[in-house]
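1. pasting a predicted model and its sequence here:
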Amino acid sequence: MANLKGILFSQFASEGFNLLVKEMQNKYKPKKGRRFHHNNITYEVGRPVLKDENIEFEISSKIPEDELNGSKEMKKYFDSIKKLLNGEKSKPLSVEMENIIWDSKKDTEKERDYVKLIYQYSLNDLFDDNELIKRYESAKKGEFKEEIPEVPGIFTLQGKLVLMMVREIMQNLGKEHITTLVNANKQVKSALKN
């Protein structure tokens, strides 16, 4: 059963990811839902979920099948993306190739292959005690510039500041991982053309 900390962190992690989706859709070409399109590839940002004492989320990108010749090239493309992402400092918990059959009109099937990345962060990694102290001192002096949210059940300034940090850190982590995936796709596409 989730505790109050997990529930609140999950709520603010979701808020951070909602802001991230808007940011990516403004930066790139927006698509339905939590997706955006860039350089002939569709990306999707999943919703963060609470798993035990962790926040877990997935991001994915469509494999540009129309630029590749058959399943061998698609597998090579995926393996290249996987190698690049597993070489990153903040590597995903898992990198999978997922096949989705999509039937929007019930009369045609569209098969699509995706690179699906799953990331997981401990709740305790979603805020920084030293930064919290700085923000608290700034807010006490009236120098804190951001609006501090009213959160039902959270009565302390420190608690509200922690939740703000969770939202901010989740948005930044998601953005970092999406940027890494966009760059990996760009690098692999470029290598395949040469």
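-> Yep, that arrived. Residues are numbered from 1 along each chain as shown.

2. tell me the contacts of Arg167?
-> Residues near Arg167 by Cβ atoms under 8 Å, 6 or more residues apart in numbering: Phe12, Ala13, Glu15, Gly16, Leu19. Glycine gets a C-beta too; all of them are placed from N, C-alpha and C.

3. could you check the pLDDT of it?
-> Per-residue pLDDT puts Arg167 at 94.

4. look up how far Lys22 lies from it.
-> Going from Arg167 to Lys22 by Cβ to Cβ, to the nearest Å gives 13 Å.

5. wait, Lys82 sits on Pro92?
-> No - if you go by Cβ atoms under 8 Å, Lys82 and Pro92 don't touch, sitting 9.2 Å apart.

6. mind checking pLDDT for the residue of the chain positioned farthest from its centre?
-> Of all residues in the chain, Lys141 has its C-alpha farthest from the mean position, at 34.3 Å, by Cα atoms, centre = their mean. The predicted local distance difference test score for Lys141 is 85.

7. point out where the chain drops to low pLDDT.
-> For the chain, the stretches flagged by pLDDT under 70 are 1-2, 100-111, 194.

8. in the longest helix along the chain, what's buried?
-> Criterion DSSP state H: the longest helix present in the chain is helix 157-193. Neighbour-count burial for helix 157-193, with 16 or more other Cβ atoms under 10 Å as criterion, is recorded at 160-171, 173-175, 177-178, 180-182, 184-185, 188-189.
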